[in-house]
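S.K.: Take this sequence and fold it.
(2 chains)
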Amino acid sequence: MMNAAPSHVSSLKLDALAMDALSPQERDATQSHLDACLTCRTRAEELASHRRHFTAYVLPRADRLPTRVSPWGPRWRWWAPALALSSAVVLLLVLVAVPRPPEEPQYALKGGAALQLFAHRGERTWKVEEGEALAPGDQVRFVVEGLGLPYVLVVSVDGAGQVSTYFPFGGTESGLLPSHGLPLEIPGSVVLDNAPGPERVFALFSRKPLSFESVAPALRELSAGGADVIRDRARLPVPAGAQASFLFEKTQP
Amino acid sequence: MSEDRLHSLYRTYGPALYARCRQILGDDAAAADAAQETFLRLHRQLDRAPDAHHALAWIYRVATNYCLNQARDRRRRAVPVGDLPDTPGVDAERLLESRDLARRLISTAPPKVAEVAWLHLADGMTQDEVAQVLGISRRTVVNRLADFHRHAHALAGRPPS
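M.R.: Modelled structure (predicted):
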């Protein structure tokens, strides 16, 4: 038998009170209830404690909050041809525009797996060179080639100790590539944060999905080595069928 | 949406979103991850919300569902019968006061039932408020609460392991 609960204020109303999002009448009624109810005062303080924790410890890392950009939004006009062209021609031009390395790329580490970055800033789009300096706010997209392996996990580690999963974005395991064997642009882009120093991106290709947890220890070890180790070490000791890495530097804001 | 606007929304609503996640997940790190993930799912709704109260309703709707699923996935065993209240059924007052008890009991229920149970019993919302936040009818809320009651009663009625 479910006992009838005495009247209390909901958590949503407590949050609304804290955000000053209640009408004057509701605010006064809620405050009066809090004055008389120890249970709800305790709950309100618990919520306030969590909000303070966010502000003190979680929000400072908000500068690292990646931004997912829709590939079909206006930002991608710089990537797609003019709208006047037919869709078939658009598709052809997009495929042609994706660069195919004429020879073994310098950043390929095993059997020719490849990872290339393209950056966009203002009106400019360019192919990033290994070791090149990029700025906070630059948008970066990835082109990969995985030798026919169907799954890829794109992760990164930077000199500030941040480990990120770029594809699948924020995901816990590898994503399936829509096609394999040709250079392929990963859906979506990443906006760089303002943590200065090196950032190394790894594309890990495999026949079956790799979990992030299986590669996280190697990434954290690399991160713990500091900026020089991140610059020097281009391979992760993880069970990937093939991998490629790419290093760039992030400048001060 | 500009990056500035995105960060502004996160600064404004992040505290309430994180608190919501933390209450359900009971873990700072898991709550921080969940807050970031649900913010990325929610940011358009937050941007379009006419006021903070509407934005909070979205936060409660999306984050409750996400975090209860996370809590369920993290469970490796059923709630031991010995850990449940002695009184068969559900003590709503205790669920309101104890996040740990709410988490252990409610996360065992099926997703749609758990979400209604959490909002009503652990968050103290009225049935009408639950219906409004989830965008469902009050009758559906009543039916799912009845399902939860049966679920909790069944758990309490199991023989000791």
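S.K.: Now do the contacts for residue 31.
M.R.: Looking at chain A here, since you left the chain open. residue A:17 (CB atoms under 8 Å, 6 or more residues apart in numbering or on different chains). Glycine gets a C-beta too; all of them are placed from N, C-alpha and C.
S.K.: Correction: the question concerned chain B.
M.R.: Residue B:31 sits next to A:50, B:18, B:21, B:22, B:25, B:67 when contact means CB under 8 Å, 6+ apart.
S.K.: 6 Å - rerun?
M.R.: Neighbour list for residue B:31: B:18, B:21, B:22, B:25 [criterion: CB atoms under 6 Å, 6 or more residues apart in numbering or on different chains].
S.K.: can you pick the most crowded of those residues?
M.R.: Neighbour counts for the contacts of residue B:31, by other CB atoms under 10 Å in any protein chain shown, peak at residue B:21, which reaches 30 neighbours.
S.K.: is it fair to say it lies in a strand?
M.R.: No: counting by DSSP: H, G, I helix; E, B strand; the rest coil, residue B:21 is not part of a strand but helix.
S.K.: before we move on, back to that, output the contacts of residue B:31 in TSV; the columns should cover distance to residue A:113 and pLDDT.
M.R.: Putting the contacts of residue B:31 into TSV (distance: CB to CB, whole Å; pLDDT from 0 to 100) gives the following:
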residue	distance to residue A:113	pLDDT
B:18	39	96
B:21	37	96
B:22	40	94
B:25	37	91
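S.K.: How about stretch A:200-212, which residues are buried there?
M.R.: A:200, A:201, A:202, A:203, A:204, A:205, A:206, A:209, A:210, A:212 (16 or more other CB atoms under 10 Å in any protein chain shown).
S.K.: which residues sit in contact with residue B:56?
M.R.: A:12, A:15, A:16.
S.K.: which of these come close to chain B?
M.R.: Among these, the ones lying near chain B by CB under 6 Å from any CB of the partner chain are A:12, A:15, A:16.
S.K.: and of the residues you listed, the nearest to residue B:151?
M.R.: Nearest to residue B:151 among the ones next to chain B among the contacts of residue B:56: residue A:12, at 23.9 Å, using CB to CB.
S.K.: I'd say the closest one and residue B:61 touch.
M.R.: No: using CB atoms under 6 Å, residue A:12 is not in contact with residue B:61, being 10.2 Å away.
S.K.: is the helix or strand of chain B with the lowest mean pLDDT anywhere near chain A?
M.R.: Lowest on mean pLDDT, DSSP states H and E among the helices and strands of chain B sits helix B:92-97, with a mean of 76. Yes: Helix B:92-97 lies within reach of chain A by CB under 6 Å from any CB, at B:92, B:93.
S.K.: need the next SSE after that helix, C-terminal direction.
M.R.: helix B:99-106 (DSSP states H and E).
S.K.: what about the nearest residue to residue B:42 once chain neighbours are set aside, how many residues close to it?
M.R.: Once flanking residues are discounted, residue B:42 sits nearest to residue B:62: 5.3 Å by CB to CB, 6 or more residues apart in numbering or on different chains. For residue B:62, the neighbour count with other CB under 10 Å is 19.
S.K.: Report the secondary structure state of residue A:156.
M.R.: strand.
S.K.: That one and chain B: what is the separation?
M.R.: For residue A:156, the distance to chain B equals 16 Å [CB to the nearest CB, to the nearest Å].
S.K.: go on, residue A:212?
M.R.: For residue A:212, the distance to chain B - CB to the nearest CB - is 12 Å.
S.K.: Quick check on the nearest residue to that residue once chain neighbours are set aside: phi, psi?
M.R.: Spatially, and ignoring its direct neighbours in sequence, residue A:212 is nearest to residue A:172 (5.1 Å; CB to CB, 6+ apart). Backbone torsions for residue A:172, taken as degrees, to the nearest 10, come to phi -110, psi -10.
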